[in-house]
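Novice: sequence and predicted structure are below.
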Amino acid sequence: MIILAVDPGDAHTGLALCDKGEMLAFPAGTVHETNRERLIKRVAEIAAEKKAELILIGYPKNRNGTIGERAVMSERFAKALGELVAPAKVILWDERGTTIAAHVALNQGTTRPGKKRQVVDAVAATILLEGYLDYRRIKNI
């Protein structure tokens with residue numbers, strides 16, 4: 001199944017996709033949009049273009065697992081997106097640490113500093129999707 005992962009941000013939203021066999025997650029770009037309604041519509045368009053059957057939304061819980069303001073924003077994002085992409089399913093997935101992991105991965109590579117800012121959100125979405133794919137493999141779902 002094709003899965004689209006979305007790491008929503010205030011100005012930059014990272015995207016990642018996996019192949020139909022759910023073996024490989026890869027960055028799929030960044031949407032630069034500050035208006036939430038336009039962002040949701042753009043993500044819905046991309047999901048349709050890519051024929052995504054499942055859309056994974058980063059769910060930024062607090063470190064202690066509680067739900068804060070950012071997580072509530074993700075809940076609203078997922079609900080609004082779900083109304084546009086049916087019958088594709090939209091789920092929230094804990095994203096704690098993905099942006100930090102993306103920065104670490106990019107710092108270990110040879111990515112130029114200016115390029116890092118452009119790709120960090122898509123890399124974070126890829127890490128989010130990799131975690132979800134691992135979960136599906138472990139749970140055999």
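Specialist: Thanks, I have it. Residues are numbered from 1 along each chain as shown.
Novice: quick one: the strands in the protein?
Specialist: 3-7, 12-18, 25-32, 54-59, 89-94 (DSSP state E).
Novice: which of the ones you listed sits most buried?
Specialist: Stretch with highest mean neighbour count among these: strand 3-7 (a mean of 29; mean count of other C-beta atoms under 10 Å). Every C-beta, even on glycine, is put in place using the N, C-alpha and C of the backbone.
Novice: just the mean pLDDT for stretch 19-39, thanks.
Specialist: Averaging pLDDT along stretch 19-39 gives 95.
Novice: what about that stretch, how long is it end to end?
Specialist: From its first residue to its last, stretch 19-39 covers 24 Å (C-alpha to C-alpha, to the nearest Å).
Novice: chain center to stretch 78-96, what's the gap?
Specialist: Centroid separation between stretch 78-96 and its chain, computed with C-alpha atoms, centre = their mean, to the nearest Å, is 10 Å.
Novice: please disregard the earlier target; I meant stretch 25-40.
Specialist: 9 Å.
Novice: who touches it?
Specialist: Applying C-beta atoms under 8 Å, 6 or more residues apart in numbering, the contact partners of stretch 25-40 are 4-5, 8, 10-18, 42-43, 46, 50, 77, 80-81, 84, 118-119, 121-123, 125-126, 129-130, 133.
Novice: just stretch 73-83 next, same as before
Specialist: Identification of contacts with stretch 73-83 by C-beta under 8 Å, 6+ apart yields 6, 8, 36-37, 40, 43-44, 47, 55, 57-60, 89-92.
Novice: for the protein, which element, helix or strand, carries the lowest mean pLDDT?
Specialist: Lowest mean confidence among the helices and strands of the chain (mean pLDDT, DSSP states H and E): helix 98-108, at a mean of 51.
Novice: top helix in this structure by residue count?
Specialist: The helix spanning the most residues in the chain, taking DSSP state H as the definition, is helix 113-139.
Novice: that helix to strand 54-59, inter-axis angle?
Specialist: On the basis of axes from the mean of the first three to the mean of the last three C-alpha atoms, to 10 degrees, helix 113-139 is oriented at 120 degrees to strand 54-59.
Novice: tell me which residues of helix 113-139 are tucked away?
Specialist: Using 16 or more other C-beta atoms under 10 Å as the test for burial, helix 113-139 gives 119-133.
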